[in-house]
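Trainee: one predicted model, sequence on top.
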Amino acid sequence: MRPAKFPRLSPSALAARRKEVASRLGKVLPPAALLTEPDELRPFECDGLSAYRQPPMAVAMPDRTDQVQAVLTICREMAVPVVARGAGTGLSGGALPLADGVLLNLSRMNQVLGIDLANRLARVQPGVRNLQISEIVAPHGLYYAPDPSSQIACSIGGNVAENAGGVHCLKYGLTVHNVAEVEIVTMEGQRLTLGGEALDSPGYDLLAFIHGSEGLLAVITEIAVRLLPVPRCAQVAVAAFGDVAAAGGAVAGIVASGVLPAGLEMMDRGCIDAVNSFLDVDYPECAALVLCELDGTQQEVASQIIAVTRILEHAGATGVRVSRNEAERLKLWSGRKAAFPAVGRMSPDYYCMDGTIPRRHLARVLKEIQALSGRFGLPVVNVFHAGDGNMHPLILYDANREGELETAERLGGAILEACVAVGGTITGEHGVGIEKIDQMCVQFGEGELRQFHDLKAAFDPDGLLNPGKAVPTLARCAEFGAMHVHGGKLPFPELERF
Amino acid sequence: MTGPGAGDTGEARDRADELASAVRSALEDGQPLQIVGSGSKAFYGRIPEGRPLSVADHRGIVSYEPAELAITVRAGTSLTEVEALLADHGQMLAFEPPHFGDDATVGGTVACNLSGPRRPYAGSVRDFVLGVRMINGRGEVLRFGGEVMKNVAGYDVSRLMAGALGTLGLLLEVSLKVLPASEVQVTRCFDLDVGRAIDTMNRIAGTPVPLSGAAWENGRMFLRLSGSQAGVTSAAEDLGGEELAGDDAARFWVGLREHGLPFFDGDGMLWRLSVPSATKPLPVDGRWLIDWGGGQRWLGTDSGGDRVRERVAAAGGHATAFRGGNRAGEVFHPLNEALRELHQRVKTAMDPQGIFNPGRMYAGI
Ligand SMILES: Cc1cc2nc3c(=O)[nH]c(=O)nc-3n(C[C@H](O)[C@H](O)[C@H](O)COP(=O)(O)OP(=O)(O)OC[C@H]3O[C@@H](n4cnc5c(N)ncnc54)[C@H](O)[C@@H]3O)c2cc1C
């Protein structure tokens, strides 16, 4: 194991170091692609997890792969840590800068390099926005399936680095299932292609391995994504439930029935109220709402809508609304899509969790979350990818109130531990970043963590890429004092926990 | 070597502790190990070295909840048993794995990452791996991933194990995503030459039809549709062609998957070519069979390996000497220098003493 340790520099030493690094980087980057003035650096101080802020020593904004190689080579020679960033929408602080590090901003590498219709591939630079791809290929009846809610803004490079998911991944998979090839540059300046345009490639599946690696293994400089044909038809059914357990039962019932929905989402009362007061979507007032989208050919969707409506009613739905046309479908989804901003209006701040659990424990974990919410004294509302068991409890707090952020974080930690205890994971799609680093000590034991560090060293022997994120050092875990929950078994199971 | 002989009664058995201590004592002795399932894929890859260590009687279903769309089994569990259990619950392994033998194990299936005709439309083995429990090259029992659909905590070691041919560690348990089985399947065939067949298969794959197989052999293109009765019937009408009767269709797709078709008879050299699916027919003489909508091509040829590799690389693909080649030489497509170096380092990170299946994938790895 090689824990990344970097000296904390005094302000004067940092200034001197910045000058030295800038002079080297200035030789390989045009002036407009290198920022070193403190007021230029300020806008880069955080990503989507704005509770953590830290301006970097410098920002490099290459627009070509050879510039990325040159920047990394220099940083390695000078032992400067590097944090890659796409659009900075990440919610776990993975792209949080380091005070003595270079922020490698890839948003200027934003060219679509080619569309191969015959092989249904699009080749793009990492800074291309997720939605842009689907927009470009739409005239050909194709699209790029993974659709994170942030898809207007987030970059494909960031999607690969986080293995992003979306509403449609139950049926169409995560980012890792929809990427054919990536080009990476290692901290040693090596340019490598992982995967390829064929359906597999020789050797280890390093393409899969780079997905979700949060910028710790290599910088992704080019991506070939797979495109899918746009389904002929899609319809959504929205069902109201008098209690959360019944809604959870409906979700399990649909999945078990042999229907594979394109999307299967759930919202609880707090979120429904927030959405209803935010926009005119007119969701029924109820304890829980299930949204189930079906897609395919006209005939297929028609027969599945009947089956799903029956399951929803059987599970105790008090009402089921089915979209009759595209406008109605989009309207019914608009509430789900606006859920985060709607909650954002209700509360000065919210903190979004990302635990994923086996679906059968949905009702139980939701109940535990409510109990924890009461205990910590902060409201929690829920909106999530129920079909995947991927929960997004939103903890409402006010950062201006002394201690509330810390309480929110402790509540969040407790929620994640509850997810691990039922055999789940601390993060389904947002990544560990800086935010959930302590919970990694709950999810994994010493052996797994050591294995992660060894694998990291295979790619980045000096530990210069995004140090301090995603995988905690063993020393940090010892300090955190977490108990590793093994196979869902906590030590002292007789003690009551939440 | 223990099992898969007399003790192989099919009963569930947890041998994780024994396997871990076998690995630890091999480490102490510096004794390389050859991990053996049922031996159904012993022909695949370079010549195995090391003392055989059987995982075939570390077997049994660990957990299966149909509503979770996930199953966890011990690595030695037979693929047939898993498929039968899933079928009882109206579910399937969507990557349609070839068995290549009666007793194929789930561990071997994951280690080889071999997928059947449905692969281009549903995904490969690695796409369905959710988690593993394994023994690494330090003799530690580790767990990565889990049974949930989405998991980005830590690096994705479980998917890395798929296709690693056991060179990175010994699989103890595998969790796989499963999918609802299709209500109906229909196969249509068309008389077409290979070039037009490849074009047609790719054009159709770009339109929203429930395609689950597309192959070409000897002047005939076969398209398989799977899904709900309503969806498949209307799509089949749109496609046209001649319907292959249920039994013949099943025989064809199973024969394709298991290499039971007459095309695969004989002991000649068989190449597996993996190329971008719309690639035009490659200029190499021999007998061709096209699967995966053009993405996987089987070639029986006497042409030299260098020529095959050169042609396939120029098309952006790679070639495997699947059967009948020189297994002391390179079976898999050679890696470039930088990639090879990275492979070496990944191997060392997982298996520092190089005791697992040395040389099975590449010489020195
Ligand atoms: C409102 C909102 C809704 C969201 N909804 C979803 C959702 O539905 N599903 C989902 O999965 N996520 C969601 N997210 C989270 C976020 O959008 C995703 O994680 C996204 O993939 C991040 O992309 P980015 O370009 O913003 O990456 P950044 O935030 O810039 O970076 C994220 C991580 O990736 C690394 N990285 C970025 N680019 C590269 C590169 N080229 N090479 C190597 N490493 C790189 C960074 O170092 C960092 O660790 C949401 C976020 C917001 C704000």
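Mentor: Nice, thanks for sending it over.

Trainee: helix, strand or coil: sort out the nearest residue to A:Gly157 once chain neighbours are set aside for me.
Mentor: The shortest distance from A:Gly157 to any non-neighbouring residue, by CB to CB, 6 or more residues apart in numbering or on different chains, is to A:Pro126 (2.7 Å). For glycine as for every other residue, the C-beta is placed from the backbone atoms N, C-alpha and C. At A:Pro126 the chain is in coil, as set by DSSP: H, G, I helix; E, B strand; the rest coil.

Trainee: what residue ranges in the stretch 1-150 of chain A are flagged as low confidence?
Mentor: For the stretch 1-150 of chain A, the stretches with pLDDT under 70 are A:1-7.

Trainee: is stretch B:96-111 in proximity to chain A?
Mentor: No: Stretch B:96-111 is not in contact with chain A by CB under 8 Å from any CB of the partner chain; minimum separation 11.2 Å.

Trainee: residues contacting the helix or strand bottoming out on mean pLDDT in chain B, please?
Mentor: The helix or strand of chain B with the poorest confidence is helix B:229-239; it has a mean of 92 (mean pLDDT, DSSP states H and E). Applying CB atoms under 8 Å, 6 or more residues apart in numbering or on different chains, the external contacts of helix B:229-239 come out as A:296-300, A:302-303, B:182-186, B:188, B:204, B:209-210, B:223, B:225-226, B:243.

Trainee: again with stretch A:298-318
Mentor: Under CB under 8 Å, 6+ apart, the answer for stretch A:298-318 is A:232-235, A:237, A:239-242, A:246-247, A:249-250, A:253-254, A:257, A:259, A:261, A:284, A:286, A:290, A:292, A:294-296, A:320, A:322, B:210, B:227-231, B:233-234.

Trainee: strands of the stretch 201-350 of chain B, start to end?
Mentor: With strands called from DSSP state E, counting those that start in this stretch, the stretch 201-350 of chain B shows them at B:211-217, B:220-227, B:242-244, B:270-274, B:287-291, B:296-300, B:318-323.

Trainee: out of these, deepest packed?
Mentor: strand B:211-217 (a mean of 25; mean count of other CB atoms under 10 Å in any protein chain shown).

Trainee: for that strand, C-alpha coordinates in CSV please.
Mentor: Output of strand B:211-217 as CSV, limited to C-alpha atoms (Å, rounded to 0.1, in the frame of the first residue of the first chain):
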residue,chain,number,x,y,z
LEU,B,211,-33.5,-9.0,-32.1
SER,B,212,-31.8,-11.8,-30.0
GLY,B,213,-29.6,-13.5,-32.6
ALA,B,214,-28.2,-12.8,-36.1
ALA,B,215,-26.0,-15.3,-37.8
TRP,B,216,-25.0,-16.4,-41.3
GLU,B,217,-23.8,-19.8,-42.5
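
Trainee: what about that strand and chain A, touching?
Mentor: No: Strand B:211-217 is not in contact with chain A by CB under 8 Å from any CB; minimum separation 9.6 Å.

Trainee: off-centre distance for that strand?
Mentor: A distance of 17 Å separates the centroid of the chain from that of strand B:211-217, by CA atoms, centre = their mean, to the nearest Å.

Trainee: helices or strands up against it?
Mentor: The contact analysis (3 or more CB pairs under 8 Å, 6 or more residues apart in numbering or on different chains; DSSP states H and E) places strand B:211-217 against helix B:119-122, helix B:194-205, strand B:220-227, helix B:246-258, strand B:287-291.

Trainee: would CSV of these with distance to chain A be doable?
Mentor: Formatted as CSV, those follow (distance: least, CB to the nearest CB, whole Å):
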stretch, distance to chain A
helix B:119-122, 6
helix B:194-205, 5
strand B:220-227, 6
helix B:246-258, 15
strand B:287-291, 10
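
Trainee: make TSV out of these and add mean pLDDT.
Mentor: Formatted as TSV, the helices and strands packed on strand B:211-217 follow (pLDDT from 0 to 100):
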stretch	mean pLDDT
helix B:119-122	98
helix B:194-205	98
strand B:220-227	97
helix B:246-258	96
strand B:287-291	98
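
Trainee: out of the strands of the stretch 201-350 of chain B, which gets nearest to A:Pro81?
Mentor: strand B:318-323 (35.7 Å; CB to CB).

Trainee: can you tell me which residues in the stretch 201-350 of chain A are near chain B?
Mentor: Listed as neighbours of chain B in the stretch 201-350 of chain A under the rule CB under 8 Å from any CB: A:201-206, A:208-209, A:211-213, A:217, A:229-232, A:252-253, A:255-260, A:296-300, A:302-304.

Trainee: buried only: go through those for me.
Mentor: A:201-206, A:208-209, A:211-213, A:217, A:229-232, A:252-253, A:255-260, A:296-297, A:299-300, A:302-304 (16 or more other CB atoms under 10 Å in any protein chain shown).

Trainee: just the ones of the residues you listed in helices?
Mentor: Counting by DSSP state H, those place A:Leu206, A:Ala208, A:Phe209, A:Ala252, A:Gly253, A:Val255, A:Ala256, A:Gln299, A:Glu300, A:Ala302, A:Ser303, A:Gln304 in helices.

Trainee: can you report phi and psi for the closest residue to the ligand within the stretch 1-150 of chain B?
Mentor: Closest contact between the stretch 1-150 of chain B and the ligand, by CB to the nearest ligand atom, is at B:Lys150 (8.5 Å). Per-residue torsions, B:Lys150: phi -130, psi 130 (degrees, to the nearest 10).

Trainee: the nearest residue to it once chain neighbours are set aside - how many residues pack around it?
Mentor: Distances taken as CB to CB, 6+ apart put A:Gly428 closest to B:Lys150, at 3.6 Å, once the chain neighbours are dropped. Look at A:Gly428: counted by other CB atoms under 10 Å in any protein chain shown, it has 30 neighbours.
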